[in-house]
Each structure stands twice: as structure tokens, then as C-alpha cells.
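Student: Structure here, sequence nowhere to be found:
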């Protein structure tokens with residue numbers, strides 16, 4: 001397949017995905033099965049969609065690029081990559097949100113974080129793609145925002161976008177630079193609320209998790225009214241971990257399901273976006289972002305030296321807090337009332353990783369390399385063996 005025919009699959013994370021292109025090892029449809037559907041017993045109450053979009057205003061979109069098969073031809077393919085975009089207040093809003101970021105292990109990239117650290121605000125979307133497309137995506141976000149927004153209230157047109165990455169070069173022609181500005185534009189333009197597609201979509205298209213097929217995953221938690229009734233949502237792009245470390249709801253699944261090794265060490269990465277409607281200021285959001293590590297640990301991650309484990313958290317509360325003139329009146333949850341939010345973040349992160357792996361489908365990419373999906377029936381057998389399959 002020549003490069004002129006590669007733009008064939010553009011999908012929204014908020015919709016059911018149907019793959020219209022068929023290549024060796026590429027699944028034909030996006031599964032709707034999620035971890036809870038298989039009887040995996042996760043703790044906590046989810047929101048309506050069990051997704052980051054359960055936080056009101058959050059929108060998610062993506063572009064998925066899949067083309068070609070066979071031997072690697074740099075610049076031609078095979079292509080297994082894409083772009084994912086998360087808007088805190090939706091794509092039509094220009095109102096920044098309080099935010100903070102945290103690096104559990106820094107062998108990765110997330111642009112724009114020094115300004116978040118300095119200002120406490122996230123302006124615009126969070127975009128996730130592959131490692132070698134960060135520059136393209138960053139520039140495209142600036143161009144998109146200028147096209148849709150123009151100058152700010154003081155007449156300036158500038159942006160320090162947040163763009164993060166994980167490496168998909170095992171399955172994708174990563175040095176072919178196949179993510180183009182129009183692909184980023186499509187991910188941004190297609191963002192919406194509601195259900196969020198998972199697995200082999202967007203930036204997660206070519207990703208690997210615990211030596212099974214990985215990708216995009218999401219989950220949410222709804223706090224009880226006595227804790228404020230707030231919502232915490234997580235979206236992540238998982239591309240980390242070794243098979244023998246994988247745990248699902250406490251069960252050592254990776255040691256129970258044999259398979260061909262992909263890595264001989266933990267060399268992958270994971271990007272995690274945490275959203276909440278709880279009124280938190282940046283120092284509190286930093287604390288929330290740190291708790292992502294605990295959720296990943298439940299799934300068996302130890303954040304290896306080669307892993308880029310980078311997290312960002314934002315709050316949709318306190319609209320207009322970034323106004324240019326006058327005093328800002330904001331609300332803030334007391335630190336003593338954050339425990340339920342910490343737990344919600346841990347729980348949603350743990351589940352989002354497994355949702356990504358459950359939704360992902362076996363994929364063949366560069367040089368015929370195949371990464372198998374986590375087999376649903378075998379997973380259920382293992383969970384039952386340890387008396388952890390929900391009745």
C-alpha cells in the first residue's frame with residue numbers, strides 16, 4: 001500500500017469504532033467488552049460511562065492510523081499509531097483549569113509542564129501520541145488553537161501545549177513520522193463526551209502493556225454524597241510492564257497465562273490523565289497525580305528505569321479562576337477531605353489499565369511482529385481459580 005492511501009481510519013473515542021481497513025492481524029471491530037463485563041471485581045462506584053467523561057465537560061477524541069503489513073520500510077509502514085486528545089472543559093472552551101503534573105519515572109516526555117508547575121493552570125487540551133510525533137502534535141495544537149480562538153484578552157496569541165508520548169516502535173514505523181498536523185486536528189475536532197473507546201485506538205493504537213496488547217483505557221469513580229458526591233475520571237495510554245508482573249484485582253494473571261516474550265525488561269511507558277470536578281488547587285492536584293502510582297502498583301507496575309510514567313491532574317471546578325483582571329474568588333476542598341479522592345484515583349487508575357488490555361485486540365505490525373491481546377476466557381479461568389471472579 002502506498003503512502004498516499006494511508007489516511008483511511010479516523011475515529012472518535014466517543015463512538016463505537018469500526019475498522020474499515022483490513023491488514024494482517026488487525027481486528028475488524030472495536031470490542032465493547034470491558035473488565036467488569038468479564039466479572040473482574042473492582043472496588044468503587046463508577047460514573048455512568050465508567051470513563052473520564054463522567055466528569056462534566058470533559059471531551060475525548062482521537063485519530064487512529066493503521067496501514068500496511070510486512071517488512072519495515074521507513075516512511076511507508078507498517079503504520080500502527082495515532083493521536084488522542086482530552087479537553088478539560090470541551091473543545092469550545094478557552095477557560096483554563098487548575099492543574100498539576102507528576103513524574104514517577106522520567107524516561108519520557110510531556111511538554112508544557114514547566115508552565116503548569118509555575119502557573120498552576122492547564123490551558124487547552126492534553127494530547128497523547130507516539131514518541132517521535134510529539135513535535136508535530138505540539139505545533140499542530142498551537143495551530144488549531146489559533147484557528148479556533150485567536151488572541152487572548154490581552155491581545156496575545158501564544159500557547160505552551162501539553163503533549164505526551166509513549167513508544168510504539170515495536171509495531172509501528174515510528175521513524176516514518178506518519179502523524180501529520182491534520183491527524184491532530186481531527187482528534188481535536190472529533191472530541192466529545194459520552195462513552196470512550198478503548199484499546200487499539202488513538203495514541204494507543206500500537207502500544208503494548210505487560211507484553212499483551214495495550215492502548216487507551218479509562219475508568220471513573222463517583223464519590224458518595226457524604227464525601228461531596230464528586231467524580232474522579234482517569235484516561236491513560238498504557239505501554240509499560242512485564243508479563244510476569246501483571247496482576248488483575250490482586251491475581252497474578254501474568255504468571256498464569258503463558259506466552260511469547262516481547263521484552264526482557266520493563267522498557268515501556270504510561271501517560272495518565274486524571275480529571276475531577278472537586279474544587280482542588282494545584283498543590284492538591286499534585287497530590288492527586290501522585291496517587292496514580294499506587295493504582296499502577298496494584299496492576300503490578302514497579303516503574304522500571306526505562307519507563308516514562310508521567311501523570312497530569314486537573315479540576316474543572318472554579319471556572320474563570322484564570323481571569324486577567326480583578327480578584328478571583330475560588331473554592332477549595334480542605335486537605336482533610338481528600339482521602340476519598342485519593343482512593344478514587346487509585347481505584348480508577350487500576351481499572352483503566354485493565355480496561356485498556358481487555359478492549360485491545362491482537363495486532364501484527366512491523367516485520368510481522370504480533371502482540372496478542374489478553375485472552376478473555378483464560379483470564380476468567382484464572383480469576384475463578386483464585387476465587388476472584390464476580391458471581
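Tutor: Looks like it came in fine. If you're wondering where the values come from, they're calculated on a predicted model, not measured in any experiment. Numbering: from 1, shown residues only.
Student: I figured residue 332 hits residue 284, correct?
Tutor: Yes - using Cβ atoms under 8 Å, residue 332 makes contact with residue 284 at a distance of 7.4 Å. Every C-beta, even on glycine, is put in place using the N, C-alpha and C of the backbone.
Student: neighbour-wise, which of those two wins?
Tutor: Neighbour count, other Cβ atoms under 10 Å: between residue 332 and residue 284, residue 284 has more, with 22 against 15.
Student: pretty sure the more buried one contacts residue 335?
Tutor: Yes - between residue 284 and residue 335 there is a contact under Cβ under 8 Å: 6.9 Å.
Student: mind checking how far residue 122 is from residue 108?
Tutor: 18 Å (Cβ to Cβ, to the nearest Å).
Student: Among these two, which residue is more densely surrounded?
Tutor: residue 122 (28 against 23).
Student: ranges for the strands of the stretch 251-391 of the chain?
Tutor: Using DSSP state E, counting those that start in this stretch, the strands of the stretch 251-391 of the chain run over 269-276, 308-315, 363-364, 370-371.
Student: Please identify the most buried of these.
Tutor: Neighbour counts (mean count of other Cβ atoms under 10 Å) averaged over each of the strands of the stretch 251-391 of the chain peak at strand 269-276, with a mean of 29.
Student: Taking strand 308-315 as reference, get the angle to that strand.
Tutor: Counting by axes from the mean of the first three to the mean of the last three Cα atoms, to 10 degrees, strand 269-276 points 10 degrees away from the direction of strand 308-315.
Student: in the chain, which helix or strand is least confident?
Tutor: Within the chain, no helix or strand scores below helix 134-149, which has a mean of 94 by mean pLDDT, DSSP states H and E.
Student: Show me what counts as buried in that helix.
Tutor: For helix 134-149, the neighbour count (16 or more other Cβ atoms under 10 Å) marks 134, 136-138, 140-142, 144-145 as buried.
Student: Please apply the same query to stretch 221-236.
Tutor: Neighbour counts using 16+ other Cβ under 10 Å place 221-223, 227, 230-236 of stretch 221-236 among the buried residues.
Student: what is the mean pLDDT for stretch 318-331?
Tutor: Stretch 318-331 comes out with an average pLDDT of 90.
Student: Let me fix that, I meant to ask about stretch 188-201.
Tutor: Rounded mean pLDDT across stretch 188-201 is 98.
Student: What residues sit buried inside it?
Tutor: Those would be 188-193, 195-201, for stretch 188-201 by 16+ other Cβ under 10 Å.
Student: Can you tell me which of the residues you listed is closest to residue 351?
Tutor: residue 198 (11.2 Å; Cβ to Cβ).
Student: who touches the nearest residue to the closest one once chain neighbours are set aside in this structure?
Tutor: Spatial nearest neighbour of residue 198, chain neighbours left out: residue 359 (3.7 Å); criterion: Cβ to Cβ, 6 or more residues apart in numbering. The contact partners of residue 359, by Cβ atoms under 8 Å, 6 or more residues apart in numbering, come to 30-31, 33-34, 197-200, 215-217.
Student: Kindly report the same for residue 340.
Tutor: By Cβ under 8 Å, 6+ apart, residue 340 lies in contact with 223-224, 227-228, 230.
Student: With pLDDT and distance to residue 345 added, can I get the residues you listed in JSON lines?
Tutor: Shown next, in JSON lines, are the contacts of residue 340 (pLDDT from 0 to 100; distance: Cβ to Cβ, whole Å):
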{"residue": "223", "pLDDT": "98", "distance to residue 345": "11"}
{"residue": "224", "pLDDT": "96", "distance to residue 345": "16"}
{"residue": "227", "pLDDT": "94", "distance to residue 345": "13"}
{"residue": "228", "pLDDT": "95", "distance to residue 345": "14"}
{"residue": "230", "pLDDT": "98", "distance to residue 345": "11"}
